[in-house]
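A.B. asks: Predicted model and sequence follow; I will ask about them next.
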Amino acid sequence: LPVVAVVGAPNVGKSSLVNRILGRRRAVVAEEPGTTRDRGYARAEWAGREFLLVDTGGMEPSARMGLEALVTLQARIAVEEADVIVHLTDARTGPTEADAAIARELLRSRAEVVLAVNKLDDPADESERYRFYSLGEGEPHPVSALHGLGVGDLLDEVVARLPEAAPPEAAELPGIAIIGRPNVGKSTLLNRLLGEQRAVVSEAAGTTTDVVESEVEVQLDGGRERFALLDTAGVGKRTHRAQGVPYYSALRTAEAIRRSSVALLVVDAAEGLVAGDLQLARQVEEAGRSLGVLLNKRDLVPPERLREVQEQAAARLPDLKPPVLGVSALTGAGVGEVLPFAARINRAFNLRVRPHELAEYVNHLAARSAPPRGVKLRYATQTGTAPPRFTLFATRPGDLPESYLRYIENALRERYGLQGVSLRLKVKSSR
Ligand code: GDP
């Protein structure tokens, strides 16, 4: 979505304007009120165009006005991300030195700038706006955020300057969902992952059940892959998190799993793999997604714990045998490995084995350990991917014991690195 940022000196009425734009939809829009240093995002729509509206409440200056206001990091980021910036000023006080400093800064950014003059509550005073031409930002648009005057015209202007809409959902990125019980360290981990990447392209907050999605890039084996990181921790939504609404968090988890290729289950190393973790793992399996376990808080446990949990995961989740990566979101240890770890699982998830090679390998397995007497393995074929599906053709398939299928499954899993991927093997009759 294109990004529209509302920027301006303190007290010019940024939040009032944002509230006006979001209007009655505000009730269902989950913005990110946060502290004054946070950027609040909300989805907005005007004239059939959707955009992310960013409220830079963050421009509250620490001490002085003017440029000080703009150098606030968060506001800078908002300015950098924005496609269109609404520079809001106050007809009663401006144009001030602070407005001029902000204007100079904005005109250097790549965004389109639309100048708005607020607090023109009485249409008779509209000519006040002409003074603001001195800012060099073009036509000053009169508004009254308080009474809603001029907001429609302002939005027409904003929407006209939005970049062309991207082809819808053309290139949806594979998703990596971060899931886990409360307090296992999801938020801490996400903040680290995003902090390291600083590649947040979109961070869309919608309704309370919405999953926050950030684009990340992973370097793997010399190549680069892009993913959508799906946040169920509500990093962008402290309010809902603070309310601790388990219903919403369960919905978010389900939604994140649905949109993912890989779910990363964050587990508290001090507690090990508990029933609640296994339940989430099974939810991933049932959805046909792949799974990796992140053993977080590794700093709190002896190193042997990793192996214990690996064994426990393999025993308790035999159809997935998820790989386990030890990390400490707190100290940062192992966090750099997390995305490559997920990217590797995603590769396995999307595996396509060349038919010839698969057939040969299964022949080899049959030679190494023959099926029971009277049963012949004819051939094997891959019938699907993401997750990979295999079909084995055999004479008298009913006589193939479960243990033999396990043998083939485990061998395939080992050979093709299918840890964490639910491997489905069917047997069909061939004459
Ligand atoms: P969430 O509910 O899963 O998002 O969990 P939080 O990220 O809010 O973390 C819960 C608590 O665990 C916080 O007090 C964190 O500081 C702490 N925590 C998170 N990761 C680690 C870690 O790797 N080691 C330690 N010792 N504490 C951690």
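C.D. replies: Structure received. All figures in this text were calculated on a predicted structure; none of them were measured in a lab.

A.B. asks: Can you name the element that comes right after the lowest-mean-pLDDT helix or strand in the chain?
C.D. replies: For the chain, the helix or strand with the lowest mean confidence is helix 238-243, at a mean of 41 (criterion: mean pLDDT, DSSP states H and E). Following the chain from helix 238-243 toward its C-terminal end, the next helix or strand by DSSP states H and E is helix 246-259.

A.B. asks: For that following helix, which residues meet the burial criterion?
C.D. replies: Residues of helix 246-259 classed as buried under the neighbour-count rule (16 or more other CB atoms under 10 Å) are 248-249, 251-257, 259. Placement of C-beta: from N, CA and C, glycine included.

A.B. asks: Pull up the pairing partners for the helix or strand that it is followed by, direction included.
C.D. replies: Scanning forward in sequence from helix 246-259, with DSSP H and E defining helices and strands, the next element found is strand 262-268. Take DSSP bridges as the rule and strand 262-268 pairs in its sheet with strand 175-180 (parallel), strand 290-296 (parallel).

A.B. asks: what mean pLDDT would you report for stretch 312-331?
C.D. replies: Per-residue pLDDT values over stretch 312-331 give a mean of 95.

A.B. asks: Only the buried residues of it, if you could.
C.D. replies: Quick answer for stretch 312-331 (16+ other CB under 10 Å): 312-313, 316-317, 320-330.

A.B. asks: Give me the subset of those residues that also touch the ligand.
C.D. replies: By CB under 6 Å from any ligand atom, the members of the buried residues of stretch 312-331 lying near the ligand are 328-330.

A.B. asks: Turn those residues into CSV, columns for secondary structure.
C.D. replies: Formatted as CSV, the entries for these read as follows, by DSSP: H, G, I helix; E, B strand; the rest coil:
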residue, secondary structure
328, coil
329, coil
330, coil
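
A.B. asks: Show me what from the stretch 201-350 of the chain comes close to the ligand.
C.D. replies: 233, 296-297, 299-300, 328-330.

A.B. asks: from these, which single one is nearest residue 353?
C.D. replies: If you rank those by distance to residue 353 using CB to CB, residue 296 comes first, at 33.4 Å.

A.B. asks: What are the boundaries of the helices in the stretch 301-431 of the chain?
C.D. replies: When assigned using DSSP state H, counting those that start in this stretch, the helices of the stretch 301-431 of the chain occupy the ranges 304-316, 335-349, 355-368, 402-415.

A.B. asks: go on, the stretch 1-150 of the chain?
C.D. replies: Using DSSP H, counting those that start in this stretch, the helices of the stretch 1-150 of the chain run over 14-22, 67-70, 73-81, 97-108.

A.B. asks: How is the chain partitioned into domains?
C.D. replies: As given by automatic domain parsing, the domain ranges for the chain are 3-160, 175-349, 355-429.

A.B. asks: any idea which of those domains scores lowest on pLDDT?
C.D. replies: domain 3-160 (a mean of 78).

A.B. asks: so how far is that domain from its chain's centroid?
C.D. replies: 27 Å (CA atoms, centre = their mean, to the nearest Å).

A.B. asks: Next, the distance between the ends of it.
C.D. replies: Counting by CA to CA, to the nearest Å, you get 13 Å between the two ends of domain 3-160.
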